[in-house]
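**Student:** Sequence plus the predicted model coming up.
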Protein chains: 2
Amino acid sequence: MIKIAVDAMGGDNAPSEIVMGVNLAIKKHEDLEIVLYGDKEQIEKYLEKNDRVSIVHTPYKLDMGEKNPVMAIRGNKELSLVKAFSAVHDKECNGAVTCGPTQCVVVGAHMIVKKLPGMQRVALAPSLPCVGGKSRMICDVGANVELKPEHIEQITLFASTFLKKTRGVENPLVGLLNIGVEPGKGREQDRETFKVLTENPNINFYGNVEPTEILNTPCDLLVNDGFSGNLVTKTIEGTAKAIGQLLKENIKSSLGGKIGYLFMRKNLARFKKTLSSDEVGGSLLFGVDGVIVKAHGSSKAYAVSRAIELCMEGVNGGYIETMRKYLEEETNTENK
Amino acid sequence: MIKIAVDAMGGDNAPSEIVMGVNLAIKKHEDLEIVLYGDKEQIEKYLEKNDRVSIVHTPYKLDMGEKNPVMAIRGNKELSLVKAFSAVHDKECNGAVTCGPTQCVVVGAHMIVKKLPGMQRVALAPSLPCVGGKSRMICDVGANVELKPEHIEQITLFASTFLKKTRGVENPLVGLLNIGVEPGKGREQDRETFKVLTENPNINFYGNVEPTEILNTPCDLLVNDGFSGNLVTKTIEGTAKAIGQLLKENIKSSLGGKIGYLFMRKNLARFKKTLSSDEVGGSLLFGVDGVIVKAHGSSKAYAVSRAIELCMEGVNGGYIETMRKYLEEETNTENK
């Protein structure tokens, strides 16, 4: 049985969509148990009764526009996010899911779940839309704004371990997000990262990947400084949105287009689903001592259920224990 | 009459597509004169005779994979790119168009056309695909990898002047490409740039723009450090390409999709055209003392003709003279 803590009060559509997402996930997975943290009365309005779902009541929640996450989290142990993360830290739950604001999730995980010993930075790692039948992971996408080469190296090992243990990718191929493919491209820091990744025997380094290939690259994992990853994932989202609008306007502009649409609306719906960020289920927060999933603030029920499934996948994979051992060995070697 | 120098030998499809692009442009514009620089014999194979097109023969051209542009350009004054740029510097032509490699174009323009006095950096400025009937410019997209806030400020003034003089945008609205909309978002340098742009009375600053809104922002101009702009424009290209593939696969996967396609193929062709980078015609190189257009290395004839039109637009707008005066006044004020 996997037990997951869900912050019922995070995100733009809390608690209704969060709770309905829980309803979807719990019906689908018999080995799943869920604890919802938040306003009991509000949660019960949407919750379908199930023995495997329980509620821990708290009237406090983070403001989605919270400007000072450190103060807010330090100041109130009763926040729904804090309680959900504490359940992971205290090993009451195997992992946690939240749609709360990114910076609050990162700070909260740092303060409550805590980094694995020896880990320098944490990183947010979502999967990119699946193109050509291939799933690709990217990290970091905004837990940091300026990662150093040695941080990127450690995060790369972490993400590679996840892909090996959880997704059965034998020798994850790693690309460095950059403005050109040649080794000398980019800023000083990009050239340094290229060197560090090339020299690490535990990293299967492919080289630089230009964003023109971001959804077509043979790589399983794209790493970067945090700022770049945030920009490119948001650009994919923005472009997909704009293209959807363009296509719609275009189709509606003629009779042929309208008739054509009647025939291919199922295709277009499937097309839309492939690109939807809902499918991806959110980002894993790598580097902390627990499986934490941050879903999009605007997540609806289906996206929440996918985020819960991503968390289950992480728990089942047991990648955290592998990384803990690796980091321990590394520390021991350094101390010798 | 506008006289434009065209580097016939730059790009993956030189000289055939370049020359065929010239054929298209010259037929369309009676006020246009073109000088082609490159291998006369090869050019003549594709050139449709026209009194307004002439050839200046040279057997030398830059290698598309040139690793050391400075040495290559310094070492050979007879390169087609060098000759085309020299024609602009010597005021024999009003502007130049090339599909040569970005770094060679930037270096060549620096060394031959030269920066306007007082200008600190140059910047590549393409237009983004037109969505919602609105055209948006972005700069820099890779002439630099790390622009400082004061460089971005000067380039913003340059691009704003271009939009005013050439496209009739009265008070160009400027956004700073960033990972969040709030003023405190991003790296130290982004916060500093935000401050500098806010405080300049000659810049109509909107604030930060997240790439989720890159094709929907009300801004006329998006500025950034060069590295970020390169990443996001390449991500738009990569996403559009992947989406095109997905849509095609999806449509072909069912009978309904195939029938639907027959009805809407005109719509889909128009849709594809809107997103095509060919429409945009390339990037202007801001900051140098001449209208220089760098078109995509893979440009076909139509894209080349659009690049020539973009160069004409720049010449007609006379933005360089306005910026020259502005920079002179600024230097005078500083010296007082």
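**Tutor:** Received the coordinates, thanks. Note that the coordinates shown come from a computational prediction; the quantities given were computed from them, not determined experimentally.

**Student:** remind me, longest helix of chain A?
**Tutor:** Using DSSP state H, we find that the single longest helix of chain A is helix A:227-252.

**Student:** Name the residues of that helix that are buried.
**Tutor:** A:227-244, A:246-247, A:249-251 (16 or more other Cβ atoms under 10 Å in any protein chain shown). C-beta coordinates here come from the backbone N, C-alpha and C atoms, glycine included.

**Student:** by contact count, what packs against that helix?
**Tutor:** strand A:123-131, strand A:134-139, strand A:173-177, helix A:255-275, helix B:227-252, helix B:255-275 (3 or more Cβ pairs under 8 Å, 6 or more residues apart in numbering or on different chains; DSSP states H and E).

**Student:** Select, out of the ones you listed, the one closest to B:Gly314.
**Tutor:** B:Gly314 lies closest, by Cβ to Cβ, to one member of those: helix B:227-252, at 19.2 Å.

**Student:** I'd like to know how far the residue with the largest distance to the centre of chain A sits from chain B.
**Tutor:** For chain A, the residue at maximal distance from the C-alpha centroid (Cα atoms, centre = their mean) is A:Leu255, at 41.9 Å. A:Leu255 is 9 Å from chain B, where distance means Cβ to the nearest Cβ, to the nearest Å.

**Student:** do the same with A:Asn171
**Tutor:** To chain B, A:Asn171 is 24 Å away according to Cβ to the nearest Cβ.

**Student:** who touches that residue in this structure?
**Tutor:** Counting by Cβ atoms under 8 Å, 6 or more residues apart in numbering or on different chains, A:Asn171 touches A:164, A:204.

**Student:** remind me which residues of chain A are low pLDDT?
**Tutor:** By pLDDT under 70, the low-scoring segments of chain A are A:275-279, A:336.

**Student:** Which stretches in it count as strands?
**Tutor:** Here chain A has its strands, by DSSP state E, at A:2-7, A:32-38, A:53-57, A:95-98, A:123-131, A:134-139, A:173-177, A:204-209, A:221-223, A:283-286, A:291-294.

**Student:** In a markdown table, list those along with mean neighbour count and distance to chain B.
**Tutor:** A markdown table is the format used below for the strands of chain A (neighbours: other Cβ atoms under 10 Å in any protein chain shown; distance: least, Cβ to the nearest Cβ, whole Å):
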| stretch | mean neighbour count | distance to chain B |
| --- | --- | --- |
| strand A:2-7 | 27 | 21 |
| strand A:32-38 | 24 | 26 |
| strand A:53-57 | 16 | 31 |
| strand A:95-98 | 31 | 18 |
| strand A:123-131 | 23 | 5 |
| strand A:134-139 | 22 | 11 |
| strand A:173-177 | 24 | 7 |
| strand A:204-209 | 20 | 10 |
| strand A:221-223 | 28 | 11 |
| strand A:283-286 | 29 | 14 |
| strand A:291-294 | 29 | 15 |
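
**Student:** how about the residues of the stretch 51-200 of chain A that lie near chain B?
**Tutor:** Proximity of the stretch 51-200 of chain A to chain B is confined to A:129, A:131-132, A:142, A:145-146, A:177, A:179, A:186-187 under the rule Cβ under 8 Å from any Cβ of the partner chain.

**Student:** List the residues that contact the nearest residue to A:Val106 once chain neighbours are set aside.
**Tutor:** Distances taken as Cβ to Cβ, 6 or more residues apart in numbering or on different chains place A:Ala143 nearest to A:Val106, at 4.8 Å, with adjacent residues excluded. Taking Cβ under 8 Å, 6+ apart, we find A:Ala143 in contact with A:102, A:106, A:121-124, A:226, A:285.

**Student:** biggest separation within the residues you listed, which pair?
**Tutor:** Going by Cβ to Cβ, the pair spanning the contacts of A:Ala143 furthest: A:Thr102 and A:Arg121, at 14.8 Å.

**Student:** Roughly how far does the residue nearest in space to the middle of chain A sit from A:Asn94?
**Tutor:** In chain A, the centroid-proximal residue (Cα atoms, centre = their mean) is A:Ser283; its distance is 0.4 Å. Separation of A:Ser283 from A:Asn94 (Cβ to Cβ, to the nearest Å): 18 Å.

**Student:** and what of A:Thr233?
**Tutor:** Counting by Cβ to Cβ - A:Thr233 and A:Asn94 are separated by 27 Å.

**Student:** the helices in the stretch 1-150 of chain A, which residues?
**Tutor:** For the stretch 1-150 of chain A, the helices defined by DSSP state H, counting those that start in this stretch occupy A:16-28, A:40-46, A:69-75, A:80-89, A:102-108, A:149-167.

**Student:** so who does the residue nearest to A:Gly118 when sequence neighbours are not counted touch?
**Tutor:** Nearest non-adjacent residue to A:Gly118, counting by Cβ to Cβ, 6+ apart: A:Leu327, 3.6 Å away. Going by Cβ under 8 Å, 6+ apart, A:Leu327 touches A:116-119.

**Student:** what do you get for A:Lys3?
**Tutor:** So A:Lys3 contacts A:33-35, A:92-94 (Cβ under 8 Å, 6+ apart).

**Student:** same thing but at 10 Å, please
**Tutor:** Residues in contact with A:Lys3, defined by Cβ atoms under 10 Å, 6 or more residues apart in numbering or on different chains, are A:32-35, A:52, A:54, A:87-88, A:91-95, A:315.

**Student:** same deal with A:Leu177?
**Tutor:** A:138, A:186, A:190, A:193, A:208-211, A:214, A:217, A:219, A:222-225, A:228-229, A:231-232, B:231, B:234-235.

**Student:** what's the closest non-adjacent residue to it?
**Tutor:** A:Leu177 sits nearest to A:Asn224 (Cβ to Cβ, 6+ apart), 4.0 Å away.

**Student:** Also A:Arg306?
**Tutor:** A:Gly281 (3.3 Å).

**Student:** Surely the one you found touches A:Cys311?
**Tutor:** Yes. Judged on Cβ atoms under 10 Å, A:Gly281 makes contact with A:Cys311 at a distance of 8.4 Å.

**Student:** Looking at the two, which one has more neighbours?
**Tutor:** Comparing A:Gly281 with A:Cys311 by other Cβ atoms under 10 Å in any protein chain shown, the one with more neighbours is A:Cys311, at 29 against 25.

**Student:** Tell me if I'm right that that one and A:Thr166 touch.
**Tutor:** No. Using Cβ under 10 Å, A:Cys311 is not in contact with A:Thr166, being 11.2 Å away.

**Student:** Mind listing the shared neighbours of those two?
**Tutor:** Joint contacts of A:Cys311 and A:Thr166 (Cβ under 10 Å, 6+ apart) are A:284, A:291.

**Student:** Give me the neighbour count for A:Glu66.
**Tutor:** Neighbour tally, A:Glu66, other Cβ under 10 Å: 17.

**Student:** Same check on the one 4 residues further on?
**Tutor:** Taking other Cβ under 10 Å as the neighbour definition, A:Val70 ends up with a count of 14.

**Student:** What sits closest to it if chain neighbours are left out?
**Tutor:** Spatial nearest neighbour of A:Val70, chain neighbours left out: A:Val107 (5.6 Å); criterion: Cβ to Cβ, 6+ apart.

**Student:** didn't that neighbour look like it was pressed against A:Lys114?
**Tutor:** No. With contact defined as Cβ under 10 Å, A:Val107 does not count as touching A:Lys114 (11.9 Å).
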